[in-house]
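Visitor: sequence first, then the predicted structure:
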Amino acid sequence: MSDQEGVRKGKGGTVFVRVEVCKGCSFCIDFCPTHCIEFSHGYNKKGYHYPVLARPEECTGCDMCGHYCPDFAIYGIRLKDLETRQQVAAPEPLIPSEK
């Protein structure tokens, strides 16, 4: 996650932003149904403001931000789905333990 910022988690969801990919088009902000995303005060290396989760308590993880982003720079995920993905992605031990 070097170029990703896992932004603060809401009750139902969170968003992840690939800061250096974002070109500041504001589609994610404009189409967010809960209006929980805003532009950051900072800039990325290209000189654009990037989105941040300003009101995490309102995020549902619906991924409307991700659907409208033309550069795939942001995506939303529901917390229950995130927990499931983390459990599935847990690596198996490479060396079996001796009994």
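Guide: Looks like it arrived, so ask away.
Visitor: use CA for all of it now, contacts and neighbours both
Guide: OK.
Visitor: let's verify residue 47: helix, strand, or coil?
Guide: coil (DSSP: H, G, I helix; E, B strand; the rest coil).
Visitor: count the neighbours of it for me.
Guide: Residues lying near residue 47 (other C-alpha atoms under 10 Å) number 12.
Visitor: show me where the protein has helices.
Guide: Here the chain has its helices, by DSSP state H, at 27-31, 64-68, 79-88.
Visitor: mean pLDDT, mean neighbour count and distance to residue 12 for these - can I get that in TSV?
Guide: As requested, these are exported to TSV (pLDDT from 0 to 100; neighbours: other C-alpha atoms under 10 Å; distance: least, C-alpha to C-alpha, whole Å):
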stretch	mean pLDDT	mean neighbour count	distance to residue 12
helix 27-31	98	19	18
helix 64-68	97	20	14
helix 79-88	78	12	6
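Visitor: residue 66 versus the spatially most central residue of the chain, what's the distance?
Guide: Centroid-nearest residue in the chain, with C-alpha atoms, centre = their mean: residue 16, separated by 1.4 Å. Using C-alpha to C-alpha, to the nearest Å, one gets 9 Å for the distance from residue 16 to residue 66.
Visitor: shared neighbours of the two, which are they?
Guide: 74-76 (C-alpha atoms under 8 Å, 6 or more residues apart in numbering).
Visitor: now the residues you listed in JSON lines, with distance to residue 23, pLDDT and neighbour count?
Guide: Shown next, in JSON lines, are the shared contacts of residue 16 and residue 66 (distance: C-alpha to C-alpha, whole Å; pLDDT from 0 to 100; neighbours: other C-alpha atoms under 10 Å):
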{"residue": "74", "distance to residue 23": "11", "pLDDT": "96", "neighbour count": "26"}
{"residue": "75", "distance to residue 23": "15", "pLDDT": "94", "neighbour count": "20"}
{"residue": "76", "distance to residue 23": "18", "pLDDT": "94", "neighbour count": "20"}
